[in-house]
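Student: What follows is a predicted structure for the sequence shown.
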Amino acid sequence: MSVADKWSRRGVIGAGAALTIAAPAFAANDGMVRAPAGNFTGTSDAGVRAYRGIRYGRAERFRAAAAVANPGQTVRAEAFGPVCPQRGRYQPQSEDCLFLNVWTAQPAGARKPVMVYIHGGAYANGSVTDPLNDGQALAGRGDVVVVTINHRLNALGYLYLARLDPRFADSGNLGQLDLILALEWVRDNIAAFGGDPSRVMVFGQSGGGAKIATMMGMPAAKGLFHRAATMSGQQVTASGPMNATRRARAYLAKLGVSDTDLSPLLTLPTEKLIEALDATDPVLGGPVYFGPVLDMKWLTRHPFWPDANPQGLTIPMMLGNVHDETRAFISPDSDKVKGLNWDNLAEGIASELPVDVLPEWVVAEYRAHFPTWSPTEIFYGATTAGRSWRGQVIEAEARARAGAPGFVYQVDYTSRTEPQRGAFHSIDIALVFGTLGATGSQTGSGADARAASHAMQESFVAFATTGDPNHAGLPRWPLHDLVHRPTMIFDVRSHIENDPRRWQRELFARVPYIQPGT
């Protein structure tokens, strides 16, 4: 048993003690899975059975969802369900969007660890129907069962109305409650698909990682997962209820709905709700922010402030970021980046940092420390270190300070199709899922991409299995501590570095961190 797994053993046993776990139940010839929630038929490809579009809940607008089960009934699970309404390319969209998907290899060996993926897109957009998130290749290894979850987003999942109307007491955290409902479905049904409900790992990129960090401190999620991995996604603090109410009022004003009578919200066309998402945020400026709320009902303290939430300390955790996060958000081909020079660099950095720091000082410090860097290199280095990476550093430090098992990584593998984007935010999705050739992947599919993917996938599967990401193909990956800060660098040749980017970390540690949206 690994060091990290010893930490989680008590929680795992506690979660499993109340379960009566059925043996896997594949019918011999038709691939039907007989589970407590229904008898599911799916599709088969290269020895992997996929069960897509399984409904796990049904909800009324701005209210908590109820579980859905059809015991003894045959349910066709052969196509993805609709995704939450949003701005973007994912179709079809519907408010009726509480569906999950399962991939499992044949024959269905019993008690495989379960990897449950939560998609990115902040709290406003995204879907696990994206080809990068397809579970076929990961489940095709034969040693894990893969689950992906869609849930409510943006105003439909995080519009905080509780202080305005008691009918909507749960509205600020509905997206989180959807995920918890889906994890309850996994707990109760995954054994029938060959999964082990006492070894459930949640992993998520960007907003998915932030949702996981939040769930680690939600009492309703306790015992539903036993390992957690966040990929460029952090949630140090949640939105306070007063600011969340200000945001709700701004959104309602955009809709033309009075904050003293919310009844029109229940009948407005979905399209109108989405159009109003460009209401101006009264706290941050820009489009109104939606995210988890410290509502003192479902979320009763911040996830990682003033320290790591004690509820999550026994859960082994992997915390990762990529080297060039903001090259995804601000394209190297954009007018802003192409027009950077020494005269406007400070102003360009100022508009991209969530912390209140003198941008001219930041530029001067970077120029002194990295005299060969161009304005563009300093721009991306500073915006990544001061914005996207900072929250992960804080979370890793908080867990190390508490003695909780944590493993930190950094992805240095760079885009092979657009080299100017470097190791940009989201490049690690295809590496972990093994979807190197999928639409949207920029990893390439050559030997170097396969090497980086193999290292990451082996570590994620090992972590799902034991709570420890070490495996024979990597140098020893130590638990994170505040002295050496060991970090696995995932690349063509993955290796350990102690405290990478130390100077940049220490530079921004001089100013308080402000979680976007809080």
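Tutor: Happy to help now that I have it. Numbers count the residues shown, from 1 in each chain.
Student: which residues in the stretch 201-350 of the chain form strands?
Tutor: Counting by DSSP state E, counting those that start in this stretch, the stretch 201-350 of the chain has strands at residues 227-231, 317-322.
Student: Reformat the ones you listed into a markdown table and put distance to residue 212, mean pLDDT and mean neighbour count next to each item.
Tutor: Using the backbone N, CA and C atoms, a C-beta is placed for each residue, glycine as well. Output for the strands of the stretch 201-350 of the chain, formatted as a markdown table (distance: least, Cβ to Cβ, whole Å; pLDDT from 0 to 100; neighbours: other Cβ atoms under 10 Å):
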| stretch | distance to residue 212 | mean pLDDT | mean neighbour count |
| --- | --- | --- | --- |
| strand 227-231 | 5 | 98 | 28 |
| strand 317-322 | 9 | 98 | 28 |
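Student: out of those strands, nearest to residue 518?
Tutor: strand 227-231 (17.5 Å; Cβ to Cβ).
Student: mind saving the C-alpha coords of the closest one as PDB?
Tutor: Taking C-alpha atoms only, strand 227-231 is exported to PDB below (Å, rounded to 0.1, in the frame of the first residue of the first chain):
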ATOM      1  CA  ARG A 227      -8.600  10.700  -5.100                       C
ATOM      2  CA  ALA A 228      -8.600  14.100  -6.900                       C
ATOM      3  CA  ALA A 229      -6.600  15.600  -9.700                       C
ATOM      4  CA  THR A 230      -6.800  19.200 -10.800                       C
ATOM      5  CA  MET A 231      -5.400  20.200 -14.200                       C
END
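Student: what pairs with that strand, and is each one parallel or antiparallel?
Tutor: strand 195-205 (parallel), strand 317-322 (parallel) (DSSP bridges).
Student: that older thread, for the strands of the stretch 201-350 of the chain, which one sits closest to residue 34?
Tutor: Across the strands of the stretch 201-350 of the chain, closest to residue 34 is strand 227-231 (Cβ to Cβ), at 27.7 Å.
Student: which residues touch that closest one?
Tutor: Contact partners of strand 227-231, identified using Cβ atoms under 8 Å, 6 or more residues apart in numbering, comprise 8, 199-206, 208-210, 212-213, 216, 312, 315-321, 392, 395, 428-429, 432, 460, 463-464, 467.
Student: now do 7 Å
Tutor: 8, 201-205, 209, 212-213, 216, 315-320, 428, 460, 463-464, 467 (Cβ atoms under 7 Å, 6 or more residues apart in numbering).
Student: List phi and psi for the residue found closest to residue 97 once you drop the neighbours it is linked to in the chain.
Tutor: Leaving aside its sequence neighbours, residue 97 sits nearest to residue 84 (Cβ to Cβ, 6 or more residues apart in numbering; 4.5 Å). For residue 84, the backbone dihedrals are phi -60, psi 140 (criterion: degrees, to the nearest 10).
Student: Enumerate every residue touching the residue of the chain most remote from its centre.
Tutor: Residue farthest from the centre of the chain, counting by Cα atoms, centre = their mean, is residue 343 at 37.2 Å. Counting by Cβ under 7 Å, 6+ apart, residue 343 touches no other residue.
Student: Now do it against residue 363, distance only.
Tutor: 10 Å (Cβ to Cβ, to the nearest Å).
Student: and if you look at residue 216?
Tutor: On the measure of Cβ to Cβ, residue 216 and residue 363 end up 36 Å apart.
Student: These two: which has the busier surroundings?
Tutor: residue 216 (24 against 21; other Cβ atoms under 10 Å).
Student: Excluding sequence neighbours, find me the nearest residue to the more buried one.
Tutor: Per Cβ to Cβ, 6+ apart, closest to residue 216 is residue 312, 3.4 Å.
Student: Could you report the distance from the one you found to residue 149?
Tutor: 19 Å.
Student: And for residue 232?
Tutor: Applying Cβ to Cβ, the value for residue 232 to residue 149 is 18 Å.
Student: Dump the strands of the stretch 201-350 of the chain to TSV, plus distance to residue 101.
Tutor: Rendered in TSV, the data for the strands of the stretch 201-350 of the chain read as follows (distance: least, Cβ to Cβ, whole Å):
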stretch	distance to residue 101
strand 227-231	19
strand 317-322	23
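Student: Nearest to residue 100, out of those?
Tutor: Minimum separation from residue 100 across the strands of the stretch 201-350 of the chain (Cβ to Cβ) falls at strand 227-231, 17.9 Å.
Student: still on that earlier bit, using CSV, please lay out the strands paired with strand 227-231 together with distance to residue 446.
Tutor: Shown next, in CSV, are the strands paired with strand 227-231 (distance: least, Cβ to Cβ, whole Å):
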stretch, distance to residue 446
strand 195-205, 23
strand 317-322, 19
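Student: Figure out which of those strands is closest to residue 415.
Tutor: strand 317-322 (10.5 Å).
Student: Can you dump the C-alpha atoms of that closest one in PDB for me?
Tutor: Only the C-alpha atoms of strand 317-322 are listed here, as PDB (Å, rounded to 0.1, in the frame of the first residue of the first chain):
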ATOM      1  CA  MET A 317      -4.500  15.000  -4.600                       C
ATOM      2  CA  MET A 318      -2.600  15.700  -7.800                       C
ATOM      3  CA  LEU A 319      -2.200  19.400  -8.600                       C
ATOM      4  CA  GLY A 320      -0.900  20.400 -12.000                       C
ATOM      5  CA  ASN A 321      -0.500  23.300 -14.400                       C
ATOM      6  CA  VAL A 322       1.100  23.800 -17.800                       C
END
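Student: now it, how far from the chain's geometric center?
Tutor: 11 Å (Cα atoms, centre = their mean, to the nearest Å).
Student: ditto for stretch 463-474
Tutor: Computed by Cα atoms, centre = their mean, the chain-centroid distance of stretch 463-474 equals 20 Å.
Student: Make 10 the first number, not 1, from now on.
Tutor: Okay, residue one is now 10; in that scheme the one you just asked about reads as stretch 472-483.
Student: That stretch spans what distance, first to last residue?
Tutor: 13 Å (Cα to Cα, to the nearest Å).
Student: In it, which residues are buried?
Tutor: 472-480, 483 (16 or more other Cβ atoms under 10 Å).
Student: Do you know the pLDDT at the residue nearest the centre of the chain?
Tutor: In the chain, the residue lying closest to the centroid (Cα atoms, centre = their mean) is residue 217, at 1.6 Å. Looking at residue 217, its pLDDT reads 97.
Student: hmm, back to that, the more surrounded of residue 241 and residue 158?
Tutor: Between residue 241 and residue 158, residue 241 has the larger neighbour count (other Cβ under 10 Å), namely 29 against 25.
Student: which ones are touching that one?
Tutor: 214-215, 218, 329-331, 334, 397, 434.
Student: quick check, residue 407 in a strand?
Tutor: No. Applying DSSP: H, G, I helix; E, B strand; the rest coil, one finds residue 407 to be helix, outside a strand.
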